[in-house]
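Engineer: Quick one, what's the 3D model for this:
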Amino acid sequence: MIQPHLPVIELKQTKKYYGAGDATAYALRGVDLTIHRGEFVAIMGPSGSGKSTAMNIIGCLDTPTEGQYLFEGIDVGMLSRDQRALLRRNYIGFIFQGFNLLGKTSAIENVELPLLYRGVPAHERRKMAMEALRSVGLEHVAHHTPGELSGGQQQRVAIARAIVTNPLVLLADEPTGNLDTAKSIEVMELLRSFNRDHGITVIMVTHESDMAAYATRTIHFRDGVIDTTESKDIL
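Structural biologist: Presented below is the predicted three-dimensional model:
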């Protein structure tokens with residue numbers, strides 16, 4: 001499936017709307033977007049601008065009403081629900097603002113979850129999960145539950161869980177929204193290192209311009225379309 005010469009993400013006149021006739025509500029009004037391997041893209045925009053809908057489509061959590069979404073040249077709209085789930089499981093990692101960790105489960109067991117869904121043997125899961133925790137500097141709290149960790153540590157566990165499968169694309173939805181400035185910088189440095197050192201394509205939704213500054217390209221949504229695009233040097 002993987003074809004390195006193709007863009008990893010392509011939205012082509014992608015529309016998402018609900019209802020019909022005068023009651024039609026548009027979330028996306030015809031978005032054209034291309035993201036290449038190894039990019040670090042920040043997506044910004046006010047509430048209701050369409051950025052979250054676009055991320056849900058990119059993450060195979062939703063499908064367009066019209067237009068196309070291509071992942072490595074594959075038309076995702078032509079895939080079955082099960083095929084989209086496999087694509088999501090094998091090629092995409094997710095980081096959420098609310099961490100989404102299992103509260104009564106240790107850090108290492110949380111990180112193991114994507115590997116469990118893949119059917120990776122227990123001993124191999126444990127080794128890979130520990131390596132992922134080590135990559136975010138948290139191997140020493142592997143057996144702590146989320147309630148025993150700070151907010152910044154919980155987000156780093158969530159990042160370890162997202163990258164343990166070595167995804168092609170990492171989707172981060174407001175990854176610093178619940179963190180103070182110092183912890184936010186730690187998280188952004190981690191995302192930038194995975195992008196630079198491992199070639200993982202990072203697509204991040206954020207409201208914070210100082211966090212968007214870590215990206216190589218910032219895309220602004222407004223009223224269901226891309227308003228502006230800014231390419232820049234990172235910090």
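Engineer: what is Met204 paired to in the beta sheet?
Structural biologist: Listed beta-bridge partners, Met204: Ala42, Ala172 (assigned using DSSP bridges).
Engineer: contacting residues for it?
Structural biologist: Under the criterion of CB atoms under 8 Å, 6 or more residues apart in numbering, the contact partners of Met204 comprise Phe40, Val41, Ala42, Ile43, Leu171, Ala172, Asp173, Pro175, Leu191, Met211, Ala212, Ala215. No exception for glycine: its C-beta is placed from N, CA and C like everyone else's.
Engineer: which one of those is nearest Thr34?
Structural biologist: When the contacts of Met204 are compared for distance to Thr34 (CB to CB), Val41 wins out at 10.3 Å.
Engineer: can you tell me the distance between the two ends of stretch 33-44?
Structural biologist: End-to-end distance for stretch 33-44, by CA to CA, to the nearest Å: 14 Å.
Engineer: what comes into contact with that stretch?
Structural biologist: Contacts with stretch 33-44, where a contact means CB under 8 Å, 6+ apart, come from 4, 7-11, 14, 51, 54-55, 168, 191-192, 195, 199, 201-207, 209, 211-212, 214-221, 226, 234.
Engineer: how far is it from where the chain is centred?
Structural biologist: 11 Å (CA atoms, centre = their mean, to the nearest Å).
Engineer: quick one: pLDDT of Ile234?
Structural biologist: Note for Ile234: predicted pLDDT of 51.
Engineer: Apart from its neighbours in sequence, what residue is nearest Thr229?
Structural biologist: On the basis of CB to CB, 6 or more residues apart in numbering, the spatially nearest residue to Thr229 that is not a chain neighbour turns out to be Ile219, at 5.2 Å.
Engineer: Give me the distance between the one you found and Ala142.
Structural biologist: Applying CB to CB, to the nearest Å, one obtains 37 Å for the distance of Ile219 from Ala142.
Engineer: ok, now Lys12?
Structural biologist: Plainly put, Lys12 is 43 Å away from Ala142 if you go by CB to CB.
Engineer: Which residue of those two possesses the greater neighbour count?
Structural biologist: Neighbour count, other CB atoms under 10 Å: between Lys12 and Ala142, Ala142 has more, with 18 against 15.
Engineer: ok, that one touching Ile108?
Structural biologist: Yes - with the criterion set as CB atoms under 8 Å, Ala142 and Ile108 qualify as a contacting pair; they are 4.1 Å apart.
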